[in-house]
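Participant: no letters, just coordinates:
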C-alpha cells in the first residue's frame, strides 16, 4: 500500500490549482538553484514531477513501515528514564526511515541542506504521515518549528541550527505551563541574563510539551522581570547539547500514545535569545502557532482518510443478514458522509496551504530585496487570506476528524468498541486535534473577525463568480442561498451590538462560513474532476445546507434577551 | 580504506503478489500480469554494501544487472538508495541464459569493468528462479572465496572480512580474505529507503536502450542536463564490450533444458473424518503421539 499514490485526491489537490505555478516560481526564485544543486528543478513541470516523486517515497515509507508499526507504538508508548525520553521501540525505526529518506528540513532552503519544498507539499506529506500514525506525525512534523527560527533568528543561529534539523534532529515548542494553557500571556518560566557567562538562563517548568526531550527547543519565557502580560515574553532557543532541561514525567494520555507529552524542568539552562525581546509571544509564537495549526489541520485530514479507508474496508467485508453491510443505506450513508467531509476538509486544507505558501515566499524574498509595489499588494492579500483560512481549516478539519472517527467505529459495530481494530486508535488519536494548538473555541475567536469584517463574505462572493460545470449549476444556486443566510445572520449579530451575544453566536457563524467555503471549493473540484468529486459535492452540499439551516435557526433564536439561558454559574 | 564493491541485482516479476492471471494457460509466468521489482534479497545485499560505504568513505558501490532496457530501473532504484551507479549488461545474445550462462556473463563483466573489485555482493537468490546458484558460480568463475547466507558483515580490517551467516538452527561467524563474494539472506537488515534528494538528482538517469528507438540523449527533454551530468547516462555493456565468448552466453551457453512444465495441484491423498466422541479424540491423540508430532 502506498499512502500517497493510492489516494488520487491528494494528487489532484497538488496539481489543480492555478496558484501552484506562482508558488513554485516564488519558492524557486525562478529556478535560480538549478545550476548549483543537482536536485533542484529546472522548471515548473520538473518541480511538480519532483514533488510527486518525493510524496511517493513518503507514501511508501508510511504504508510499509510507519502504519504497520502504529499498533505496537500505541501499545508501548514512550518511557521516561533518568530525566530523558526513550521512545517506543518502533518509533526509532520510523525516525530512522524518515531520516535516511532525507525527509527533514522539508521547506528549508537548499543552502542549509533543506529540500526547499513548498508548504503545500509539506502539508501533503504531513497528511500522509498522520494517516499512518498520527502520534508519529507529531514528532516528525515538529520540524516545522525551524520555520520560525529561520524567519526570526539571526544568520549565525540559522547556520548553527537549520543544517542539524535538515539532518534529522528533532524539535519542540515549549510554550504551555500548568497555569498557562490557552492563555499564554500568563507564562512564568523565568529567563535571566547571566552577565558573567554572557548568556541567557532559563529556570522553572513547562507542562504538556509535545516531544519535550527534543534536540532543539523553542522556548517562550519571561525575560522582562515584573511584567505579567504577553509583552514581557521572549523566545529562546535551547540546545539539548548544552543540558539543563530534564523531563520530570510523561503524561498518560487518551491517544497519540507514540508522541511523548512531557513535563519539563529547567535548571539554569543555557539558551539563546531568538529575535527581539518582548516580541516572543505577540510575533514569534503567533507565527509558530499558525504553522502548527496548519499542521493539525493536515493531521486531522490524515485521520479522516484512515477513518474512511477503515470504514469502507470493514463494511465491504462484514456480512450480516446475508449481505455485506455496505449495501445497507444506513451504513452507506455514514461512509458517504465521512468521504464528503474528508474531501471538503482536504480542499480547505490545501487552499489554506497555498495561501500560506505565497505569502511566506514573498516574505522571504523581502529579506533579500525590496518588493515591488504589486508584490507588496500580493503579500498583503495572501497574508490576510492565510490568517483567515488557517483557523477555519484547523477547527473544521479537527471537528470532522472526530466525527469521522466516531462514525468509523459505528460502522464497525461491536467490534469497533474492542481494542483490536485500527478504528479505536484513530478515534482516540483524533480527540486531541480539536484541543491542542488552540481549541475549536479559540479557532473561532481567531476567525470571527473575518466573519464580521466581511473577509469571508468577500471570498465567497468571488468564488461564486467562478464558472462551474453545467451539471452543477443547481448546486451553485443552493450554495449562493446558503451564503445569503450566512450574511443575514452576520448582519443580525452585528446589529445587536452586544459583545456577549457576538461571542455566543461566533461558533455558529464560523461553521456557516466553513460550510459555504468548503461547498464552493468542492464545487470547483467537481467541475474539474467529476469522477473524483461529484458524489462528495452532492453529499456535502446536503450536509452543509442542513448545517447552515441549523446554525441559522440558532442564531435567530439567540438574542440579547435569551442570553441569560446560556449563562452557567 | 576505499573499497570497490559491486552489487549483483536482478529485476524480477513480483511473485509475492500473485493474482489469478499470474500464469499463462501454458504454465509459464505471465510477466505482463506481474509488476517488475528489485529482487528482494538483492536489496538486502545493497544495504550491506551501503553500510560498508558509510563506514569507509570513498568506497564506491556499483550495481551490475543483466536484462533488457527496462532493467535499468534496478540501477536507478539503487542510486536513489545510495549506490554510485551501475552497468546494464544487455545483449540479445544473453537471452535465455540459465544460471551457468548468467554467472559466466556476470563474472566476465566484473573482470572487464572492475578487475580490482574488493567485494561482490548479491542476494541469496531471485524470487523468479529460486536457484541460489548464480552468486556461488560467479565466485567460482572469479576464483574468489564465497560466503553464502550472509546475515551481517561484522567487520572489515587488514584485508579480512568477518561475516555472520545463517545456518540451519542458528548462525555462524566466518572470516575470509578479500576480495570475496557474499550472498545475503532475506533475514538480513532491510534496505534503507530511497533518499528524496538523490531521487530528485537521479530521476532522469536513463540507459541508452530506454530511449525510444532512434533517439539520442540530445533529443530528450532537458538534453542539456545529459550533456552536463554524465551520471544521468546509465552505462550499458554488450557481449562485445566485455569480450564474452558467445558460445558460453545465453541459450547457447545454457545446459539446462526445460523439458516440460506441469501444474501441480496439491490434493490430500488420504483423509479421515473424526467425530467429537471421546474414542475418536483419544485415537487421534495417540496417533499424533506415536508419530512424535505431540507429546
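Facilitator: Here it is on my side, so go on. Everything quoted here is computed from the prediction, not taken from an experiment. Numbering: from 1, shown residues only, chains lettered A, B, ... in the order given.
Participant: check which helix or strand covers the nearest residue to residue A:254 once chain neighbours are set aside.
Facilitator: If the residues on either side of it in the chain are set aside, residue A:254 comes closest to residue A:428, at 5.2 Å by Cβ to Cβ, 6 or more residues apart in numbering or on different chains. For the C-beta atoms, the positions are set from N, CA and C on the backbone; glycine is no exception. Under the criterion of DSSP states H and E, residue A:428 resides in helix A:422-430.
Participant: chain center to that helix, what's the gap?
Facilitator: Centroid separation for helix A:422-430 versus its chain: 18 Å, with Cα atoms, centre = their mean, to the nearest Å.
Participant: show me what it is packed up against.
Facilitator: Judged by 3 or more Cβ pairs under 8 Å, 6 or more residues apart in numbering or on different chains; DSSP states H and E, helix A:422-430 is in contact with helix A:67-76, helix A:134-141, helix A:286-317, helix A:373-412, helix A:414-417.
Participant: which is the next helix or strand following it?
Facilitator: Per DSSP H and E, the first helix or strand lying C-terminal to helix A:422-430 is helix A:440-452.
Participant: so the helix holding residue A:428 versus helix A:134-141, what angle?
Facilitator: 50 degrees (axes from the mean of the first three to the mean of the last three Cα atoms, to 10 degrees).
Participant: measure the closest residue to residue A:469 other than its chain neighbours to residue A:27 for me?
Facilitator: In space, and not counting its chain neighbours, residue A:469 is closest to residue A:527: 4.4 Å by Cβ to Cβ, 6+ apart. Applying Cβ to Cβ, to the nearest Å, the value for residue A:527 to residue A:27 is 27 Å.
Participant: pick out the residue of the stretch 101-250 of chain B closest to chain A.
Facilitator: Of all residues in the stretch 101-250 of chain B, residue B:200 sits closest to chain A, at 3.7 Å by Cβ to the nearest Cβ.
Participant: correct me, but that residue touches residue A:54?
Facilitator: Yes - using Cβ atoms under 8 Å, residue B:200 makes contact with residue A:54 at a distance of 7.2 Å.
Participant: more neighbours: which of these two?
Facilitator: It is residue A:54, of residue B:200 and residue A:54, that has more neighbours when counted by other Cβ atoms under 10 Å in any protein chain shown, with 27 against 24.
Participant: quick check: the more buried one vs chain B, distance?
Facilitator: Distance, residue A:54 to chain B, by Cβ to the nearest Cβ, to the nearest Å: 5 Å.
Participant: how much space separates that residue from residue B:85?
Facilitator: Relative to residue B:85, and taking Cβ to Cβ, residue A:54 is found at 22 Å.
Participant: with residue A:482 instead?
Facilitator: Going from residue A:482 to residue B:85 by Cβ to Cβ gives 59 Å.
Participant: what of residue A:541?
Facilitator: Per Cβ to Cβ, residue A:541 is found 54 Å from residue B:85.
Participant: more neighbours, the two?
Facilitator: Using other Cβ under 10 Å as the criterion, residue A:541 and residue B:85 rank with residue A:541 on top: 26 against 19.
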